[in-house]
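Novice: What would the 3D arrangement of this be:
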Amino acid sequence: MLEFAILGLLQQSPMHGYELRKELAAVLGGLRSISYGSLYPALKRLQVAGLIASDDPTPRSLLPADAPALTGRRGKVVYAITAEGKERFADLVSQTGPEAYDDEGRFGVHLAFFRHTAADVRLRILEGRRRTVERQRDRLMDSLRRTQEKLDRYTLELQRHGLDSVDREVRWLTELIDSERDDAARAEQSPTQTPPAQSPTPPDDGTT
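Specialist: I've put the predicted structure just below:
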């Protein structure tokens with residue numbers, strides 16, 4: 001998920017480590033905290049795989065093991081996606097299987113880069129996520145029905161709160177799905193714009 005997000009951000013523009021960490025926090029939201037201890041190993045893996053490149057003239061392997069990640073010159077290293085990285089990112093955003101929506105964090109990264117995703121792929125991911133959340137809601141409702149008489153009112157309210165949260169997510173996903181379908185319908189109904197036909201130029205008969 002972290003490497004997917006890094007490729008997505010570098011697809012938009014080159015960045016240095018501090019910028020990447022800040023933008024990753026925005027993309028991933030409160031799902032996880034990104035430390036330099038996890039960011040730089042991920043960047044190194046992507047570099048070794050040839051998916052990103054940096055303008056750092058000194059390979060990290062030649063620096064002291066205890067060299068700080070972002071001090072002095074190291075803070076100015078800029079990372080950019082390579083042609084291979086763009087291909088890998090295109091492959092990742094086109095995935096529509098359970099790996100794209102079963103996990104909340106993975107789904108969140110896909111959603112953050114929907115502007116790079118084909119319309120039909122966006123719709124399948126949203127529909128898959130809604131099915132996943134609907135199953136979660138069904139399990140919560142079943143559990144609540146079976147156990148509500150045995151629970152104290154505080155635990156019962158906590159479970160109801162969780163059910164309300166899942167219900168809200170289902171409604172939110174339904175709104176997104178409806179919007180995607182409306183956009184697709186408008187695109188199909190919109191006539192193809194063709195340039196107006198030009199009147200043929202009359203032959204010169206020498207009378208003018």
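Novice: For stretch 111-125, which outside residues touch it?
Specialist: Residues outside stretch 111-125 that contact it (CB atoms under 8 Å, 6 or more residues apart in numbering): 5, 8, 11, 27, 89, 93-94, 96, 100-101, 107, 110, 177, 180-181, 183-184, 187. All C-beta atoms are positioned from the backbone trio N, CA, C, and that covers glycine.
Novice: Please convert the buried members of those residues into ChimeraX selection syntax.
Specialist: Here is the ChimeraX selection string for the buried members of these, based on 16 or more other CB atoms under 10 Å:
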select :5,8,11,27,89,93,96,100,101,107,110,177,180
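Novice: Leaving out chain neighbours, which residue sits closest to L156?
Specialist: Q148 (5.8 Å; CB to CB, 6 or more residues apart in numbering).
Novice: my read: that neighbour touches E157, true?
Specialist: No: Q148 is beyond contact range of E157, at 10.8 Å (criterion: CB atoms under 8 Å).
Novice: Could you report the separation of E127 from A49?
Specialist: Between E127 and A49 the computed distance is 32 Å (CB to CB, to the nearest Å).
Novice: cool, and K86?
Specialist: 13 Å.
Novice: ok, S13 - how many residues close by?
Specialist: A total of 11 residues lie near S13 under the criterion other CB atoms under 10 Å.
Novice: err, F114, not the other one
Specialist: Neighbours of F114 under the rule other CB under 10 Å: 16.
Novice: try R129
Specialist: 26.
Novice: Distance check, R124 against Q189.
Specialist: 22 Å.
Novice: The two: which is more packed in?
Specialist: Of the pair R124 and Q189, R124 is the one with more neighbours under other CB under 10 Å, namely 17 against 7.
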